[in-house]
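In: all I have is the shape, not the residue letters:
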């Protein structure tokens with residue numbers, strides 16, 4: 001189920017759409033959305049929240065009904081809750097497709113990154129006249145294994161895509177971009193590679209990219225959804241996009 005997109009009282013698109021990836025967030029989605037709404041309301045940014053709670057068939061995940069409840073009670077929110085046809089990439093694309101704003105942001109709704117990052121990253125995009133701005137995780141509390149794996153992955157990305165030599169932490173969110181930047185992209189990934197795909201597309205389009213530091217917290221509510229097999233998926237996708245993808 002997808003609720004109808006909300007627009008501001010003038011009927012024009014909002015200044016900023018924030019796509020919140022809520023997969024299996026459950027009741028925590030209420031807390032996260034409340035914090036994010038407060039941050040955006042205080043900032044004075046005209047915004048909408050696109051809450052993505054796509055679900056696997058047969059699961060007992062209550063997230064779809066929770067985000068639909070939030071959307072019914074908050075005119076700045078709408079929910080995307082469909083049976084999953086992919087993993088994180090499919091969720092992200094379904095949220096971006098539903099967003100109506102002049103600028104688009106994506107953030108995970110699990111609390112590992114501060115909700116205040118959205119305003120911080122968006123303001124940097126405005127001030128620096130960037131096409132896309134993302135965070136890099138200057139401090140990480142998600143364990144040595146994940147940190148080491150991420151360092152290797154980012155190194156390999158920069159080797160395969162030399163134009164990314166100045167970028168750090170390709171997979172970090174939030175990412176904020178102009179609608180023009182997004183509409184130039186040809187996003188097709190349905191898996192865990194979408195963050196990298198966004199950066200590859202931005203580099204291919206020779207866009208003006210900025211970065212700002214963030215803190216990445218440990219998720220104490222659940223373990224990571226990213227399986228060990230995703231390591232080989234990442235490697236395969238990097239090689240495919242570098243040597244075989246036809247643009």
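Out: The structure has been received and is ready for your questions. Bear in mind that the values here come from a model prediction, so they are computed numbers and not experimental data.
In: Three-state assignment for residue 49, please.
Out: Following DSSP: H, G, I helix; E, B strand; the rest coil, residue 49 is assigned to strand.
In: dump the residue contacts of it.
Out: 17, 18, 20, 33, 36, 37, 74, 76, 77, 78 (C-beta atoms under 8 Å, 6 or more residues apart in numbering). (C-beta placed from N, C-alpha, C; glycine too.)
In: quick check: phi and psi on the closest residue to the fifth one other than its chain neighbours?
Out: It refers to residue 36. Distances taken as C-beta to C-beta, 6 or more residues apart in numbering put residue 115 closest to residue 36, at 4.3 Å, once the chain neighbours are dropped. Reported as degrees, to the nearest 10, the phi and psi values for residue 115 are phi -60, psi -30.
In: count of neighbours near residue 115?
Out: Residue 115 has 22 neighbours, counted by other C-beta atoms under 10 Å.
In: and it, how far from residue 236?
Out: 33 Å (C-beta to C-beta, to the nearest Å).
In: contacts only, for residue 182.
Out: Counting by C-beta under 8 Å, 6+ apart, residue 182 makes contact with 96, 104.
In: mind checking which helix or strand it is in?
Out: Assessed by DSSP states H and E, residue 182 sits inside helix 179-184.
In: could you do residue 176 as well?
Out: strand 175-178.
In: quick one on the thing from earlier: quick check: next helix or strand after the helix holding residue 182?
Out: helix 194-204.
In: which elements pack onto that following helix?
Out: Counting contacts by 3 or more C-beta pairs under 8 Å, 6 or more residues apart in numbering; DSSP states H and E, helix 194-204 is packed against helix 88-98, strand 132-140, strand 175-178, strand 209-216, helix 229-243.
In: of all the ones you listed, which one comes closest to residue 47?
Out: Of all the helices and strands packed on helix 194-204, it is strand 175-178 that lies closest to residue 47, at 11.6 Å by C-beta to C-beta.
In: where does the protein dip in pLDDT?
Out: 1-10, 221-228, 246-247 (pLDDT under 70).
In: picking that back up, can you pull the buried residues of the helix holding residue 182?
Out: 181, 182 (16 or more other C-beta atoms under 10 Å).
In: quick one: which of the contacts of residue 49 sit in helices?
Out: 33, 36, 37 (DSSP state H).
In: enumerate every residue touching the residue nearest to residue 36.
Out: 32, 35, 36, 39, 107.
In: do residue 76 as well
Out: 6, 14, 37, 47, 48, 49.
In: what of residue 170?
Out: For residue 170, the contact set (C-beta under 8 Å, 6+ apart) comprises 153, 154, 157, 164, 195, 196, 199.
In: neighbour count and distance to residue 60 for these - can I get that in a markdown table?
Out: Formatted as a markdown table, these follow (neighbours: other C-beta atoms under 10 Å; distance: C-beta to C-beta, whole Å):
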| residue | neighbour count | distance to residue 60 |
| --- | --- | --- |
| 153 | 18 | 33 |
| 154 | 19 | 36 |
| 157 | 22 | 37 |
| 164 | 19 | 40 |
| 195 | 20 | 28 |
| 196 | 22 | 32 |
| 199 | 21 | 35 |
